[in-house]
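In: Here is my input; please provide its structure:
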Amino acid sequence: MEYLTFALAKGRLADKTMQLLNKIGISCDEMKEDSRKLIFTNEDLKLRFFLSKANDVPTYVEYGAADIGVIGKDTLLEEKRNLYEVLDLGFGKCRFAVAGKPEIRDKLNKSNDLRVATKYPNIAKEYFYKKKRQTVEIIKLNGSVELGPIVGIADVIVDIVETGSTLKANGLEVLEEICPVSARVAVNRVSMKIKHERIMEIVEKLKNLRGEN
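Out: Next up, the predicted model:
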């Protein structure tokens with residue numbers, strides 16, 4: 001039997017995913033050990049797991065280094081990789097939104113000279129260029145995008161919003177909602193064909209588990 005390989009985003013997403021997998025009988029004791037290993041194996045079940053930065057997970061899945069990836073919808077939308085999105089796991093819920101100072105709200109719908117700060121330029125372009133038919137200037141930031149409107153280099157931001165407390169603390173608010181975000185299961189297209197039965201068995205068990213919750 002061939003190995004089935006999972007790519008997981010480091011941190012809370014991987015921890016939560018392994019908790020769910022444990023509930024359907026999939027575990028990996030090697031991942032619990034204090035080790036410098038990069039790939040963890042369950043020989044009995046012929047499973048492999050590795051952790052990577054979130055943005056890299058869709059790439060590993062698209063190119064077949066992993067059969068299955070668990071990643072946030074935000075990363076899937078931004079990376080635009082050629083893979084199957086097969087299941088919404090229902091955790092890690094938040095939303096993409098346009099946020100800024102309250103007084104910018106009127107300009108948001110009327111102006112074509114907005115400056116938009118974001119970590120997600122592809123998502124911002126898709127929203128403003130295609131959905132709203134607005135021409136805007138996208139400013140790519142890697143850190144706290146909330147600083148953009150505060151220091152004046154941007155009118156609004158496009159970012160993930162969970163509770164909105166950071167926005168509120170900095171005098172910003174959600175002006176428009178773009179889409180909901182949560183953890184998703186993505187599958188390599190070739191793997192879906194040649195390992196279809198094993199993959200779909202796992203997907204169905206996870207789907208049933210979510211239904212119980």
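In: would you list every one of the helices in this structure?
Out: Under the criterion DSSP state H, the chain carries helices at the ranges 12-23, 57-62, 73-79, 105-110, 121-125, 147-151, 165-169, 189-194, 196-212.
In: Can you give me the domain boundaries for the chain?
Out: Annotated domains of the chain cover 4-92+182-212, 94-180 [automatic domain parsing].
In: Quick check: the most centrally placed residue in the chain vs Leu141, distance?
Out: Closest to where the C-alpha atoms of the chain average out (C-alpha atoms, centre = their mean) is Gly72, at 2.0 Å. From Gly72 over to Leu141 the distance is 18 Å, taken as C-beta to C-beta, to the nearest Å. C-beta here means a position set from N, CA and C on the backbone, and glycine is covered the same way.
In: same deal with Val161?
Out: With C-beta to C-beta as the criterion, Val161 and Leu141 are 16 Å apart.
In: between those two, who's got more neighbours?
Out: The residue with more neighbours, out of Val161 and Leu141, is Val161; 21 against 17, by other C-beta atoms under 10 Å.
In: check contacts around the more buried one.
Out: Counting by C-beta atoms under 8 Å, 6 or more residues apart in numbering, Val161 touches Cys94, Arg95, Phe96, Ala97, Ala99, Leu167, Val174.
In: Report the contact partners of the second one.
Out: It refers to Arg95. By C-beta under 8 Å, 6+ apart, the neighbours of Arg95 are Ile160, Val161, Glu177, Ile178, Cys179, Pro180, Val181.
In: which residues does the second one form a beta bridge with?
Out: For Val161, the beta-bridge partners under DSSP bridges are Arg95.
In: ditto for Ala186
Out: Beta-bridge partners of Ala186, as defined by DSSP bridges: Gly69, Glu85.
In: can you count the residues close to it?
Out: 26.
In: Can you verify my assumption that it contacts Thr59?
Out: No. In this structure, Ala186 is not within contact of Thr59 by C-beta atoms under 8 Å, at 10.9 Å.
In: residues shared between the contacts of these two?
Out: Taking C-beta under 8 Å, 6+ apart as the criterion, Ala186 and Thr59 both touch Arg81.
In: If you count neighbours, what's buried in the helix or strand bottoming out on mean pLDDT in the chain?
Out: The weakest-scoring helix or strand in the chain, judged by mean pLDDT, DSSP states H and E, is helix 105-110 (a mean of 85). The neighbour-count criterion (16 or more other C-beta atoms under 10 Å) identifies Leu108 as the buried residues of helix 105-110.
In: Many thanks, I have nothing further to ask.
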